[in-house]
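Asks: sequence unknown, structure follows:
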């Protein structure tokens, strides 16, 4: 699963990001745990456990994870040779399951051109007040430049307008652009969103991509993120600035530049508390005090001066693939419609040794995130083709690349679909099911937003569990995985997780605190393969119901995302 990262934390991230899309929303850290991480067992003991016999359905699922999460795959990082091997494995499994190829050139692979980009130098920032000489700002003390994935040279000189959080959401009574004209200007804002927003909307509006798109729509020509005084002491600006030139990744345009959210209003960089004070003058003291509140209310206003910024960005091409398999629908009318079942194949590769050690395990196997999601996808495909009952709608099985880079592979697919986008009726996403306990309920992110909700309710009831509400709304999980790229095209989507009743809460907390995006997410974990089979069963029932249903799924009346992205609505929908 893709982790959100705050504007300063982004500089210190161990994995490259895509564009600003969903990359700058602060994610609260998982609850601390006092549980000690056990040492890896003796290799002979571990191998004996891994080779222990299982029923055929459990063994089949485990076999996929044994391969995909093996050390030989080196963490399946997008753009790596090991990811390509993993993609070929999935393609072979799709073939064995009887799926038809749905990628490029009558094959299973859809080529995804990637580009890695990073800041090429420290750039220059200079502030010229309305009266007086220009003042050069100091790298790592006043500012850190941002790479611009859309062009090699970025030069902007314009007045600055402070716009609070940089959010325009009248339905939430948050109109930060009210009363100011930002056309042809640079906007400066704090990261994140007010705490009073719901979890999913807070994550969405707090993301860098959303803020940049809003700024561009208002006529701004650049954006600046302000360091929040609340985090300044815990995350020293100079320390974070050490990682200013860390590479990020997105999919590439034909000219070799990257796809970014708002090329007309690129991110220019981050201003520290010290740097902001130089630009804002006496007004900064009040703004900094306000910013310490989770529900800060700012007054947007222009600054009296001009900021001149010049930065350079270097690019390095890369390549990867999505894997696409299809089961054609049999109904002469509904067969043209497509139900997508998605999961991401990539993980974060090799990073720094765990726990800050100079030596140690640095290979992130990604067993639960998301080899087990891919295993579920393959086994679900086998259920469709071995059921003896052809589906009315076409079912597509999509294993995407670059999720950990910022939902890159799914973004590429929804912008370059291998079937008409208007024919895709729903997406059901499988990402990081934590299967270390017997789950007693399920959580389905997005179920309440569309007519997929009743379908999901029926499917989970059939395996003997109920639906529970989102137990971590502050995490904004609905906008953090590949299904959201379909949502952004107006397509209803859901994302399933085992729930947190009974032993679930402790198991999920332990994984998130100790194993998530760490080398310990490997096969030494106590994975319960029978729970994997139950998880596949629930997903299969959901997909089968969508594939055979008489009505195409639609958004519920007035749903925010359905309205925003102009999706098909239930009759009588009124935008909110």
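Replies: Cool, got the structure. Remember, it's a predicted structure, so these values are computed and weren't measured experimentally. Numbers count the residues shown, from 1 in each chain.

Asks: who's in contact with residue 276?
Replies: Going by C-beta atoms under 8 Å, 6 or more residues apart in numbering, residue 276 touches 188, 226, 227, 284, 288. No exception for glycine: its C-beta is placed from N, CA and C like everyone else's.

Asks: separation between it and residue 372?
Replies: 44 Å (C-beta to C-beta, to the nearest Å).

Asks: What of residue 427?
Replies: 19 Å.

Asks: now residue 311, which residues is it bridged with?
Replies: Applying DSSP bridges to residue 311 gives these bridge partners: residue 154.

Asks: doesn't residue 150 make contact with it?
Replies: No - the pair residue 311 / residue 150 is not scored as a contact, 11.9 Å apart, by C-beta atoms under 8 Å.

Asks: So for these two, which sits in the more crowded spot?
Replies: residue 311 (25 against 21; other C-beta atoms under 10 Å).

Asks: which residues in the stretch 1-150 of the chain form strands?
Replies: 100-101, 109-119, 124-129, 135-136, 143-145 (DSSP state E, counting those that start in this stretch).

Asks: got JSON lines for the ones you listed, with mean neighbour count and distance to residue 443 too?
Replies: Below are the strands of the stretch 1-150 of the chain laid out as JSON lines (neighbours: other C-beta atoms under 10 Å; distance: least, C-beta to C-beta, whole Å):
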{"stretch": "strand 100-101", "mean neighbour count": "16", "distance to residue 443": "33"}
{"stretch": "strand 109-119", "mean neighbour count": "21", "distance to residue 443": "30"}
{"stretch": "strand 124-129", "mean neighbour count": "18", "distance to residue 443": "44"}
{"stretch": "strand 135-136", "mean neighbour count": "13", "distance to residue 443": "51"}
{"stretch": "strand 143-145", "mean neighbour count": "29", "distance to residue 443": "37"}
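
Asks: Out of those strands, which is closest to residue 566?
Replies: strand 109-119 (25.3 Å; C-beta to C-beta).

Asks: neighbouring strands for the closest one, and are they parallel or not?
Replies: Short version: by DSSP bridges, strand 109-119 pairs with strand 248-251 (antiparallel), strand 301-327 (antiparallel).

Asks: How far away from the center of its chain is the first one?
Replies: Spelled out, it's strand 248-251. From the chain centre to the centre of strand 248-251 is a distance of 13 Å (C-alpha atoms, centre = their mean, to the nearest Å).

Asks: quick check: angle from whichever helix or strand comes after it to strand 124-129?
Replies: Moving toward the C-terminus from strand 248-251, the next helix or strand (DSSP states H and E) is strand 267-271. With axes from the mean of the first three to the mean of the last three C-alpha atoms, to 10 degrees applied, the angle from strand 267-271 to strand 124-129 works out at 70 degrees.

Asks: ok, residues contacting strand 267-271?
Replies: Residues contacting strand 267-271 (C-beta under 8 Å, 6+ apart): 7-8, 11, 20, 123, 125, 137, 142-146, 148, 154, 156, 186, 188, 208, 212, 222-227, 279, 309, 311.

Asks: is it true that residue 193 lies in a strand?
Replies: No - with DSSP: H, G, I helix; E, B strand; the rest coil as the criterion, residue 193 is assigned coil and is not in a strand.

Asks: Please give the centre-to-centre distance between stretch 434-442 and its chain.
Replies: 23 Å.

Asks: Now do the buried residues in it.
Replies: Within stretch 434-442, the residues scored as buried using 16 or more other C-beta atoms under 10 Å are 434, 435, 436, 437, 439, 440, 441, 442.

Asks: Quick one: residues contacting the closest residue to residue 303 other than its chain neighbours.
Replies: Nearest residue to residue 303, sequence neighbours excluded (C-beta to C-beta, 6 or more residues apart in numbering): residue 160, at 4.5 Å. Counting by C-beta under 8 Å, 6+ apart, residue 160 touches 185, 186, 187, 188, 224, 279, 302, 303, 305, 306, 307.

Asks: can we see that at 7 Å?
Replies: 185, 186, 188, 279, 303, 307 (C-beta atoms under 7 Å, 6 or more residues apart in numbering).

Asks: and it, what pLDDT?
Replies: pLDDT recorded at residue 160 is 98.

Asks: State the phi and psi torsions of it.
Replies: The phi/psi pair for residue 160 (degrees, to the nearest 10) reads phi -110, psi 140.

Asks: how much space is there between it and residue 292?
Replies: 22 Å.

Asks: Confirm residue 156 sits in a strand?
Replies: Yes - under three-state DSSP, residue 156 sits within a strand.

Asks: mind checking pLDDT for the nearest residue to it once chain neighbours are set aside?
Replies: Spatial nearest neighbour of residue 156, excluding adjacent residues (C-beta to C-beta, 6+ apart): residue 222 at 4.6 Å. Reading off the confidence values, residue 222 has pLDDT 98.

Asks: Now residue 222: phi and psi?
Replies: The phi/psi pair for residue 222 (degrees, to the nearest 10) is phi -180, psi 160.

Asks: Just to check, residue 327 is in contact with residue 395?
Replies: Yes - using C-beta atoms under 7 Å, residue 327 is in contact with residue 395, at 4.6 Å.

Asks: Residues in contact with both of the two, list them for me.
Replies: Joint contacts of residue 327 and residue 395 (C-beta under 7 Å, 6+ apart) are residue 384.

Asks: which of these two has more neighbours?
Replies: residue 395 (26 against 23).
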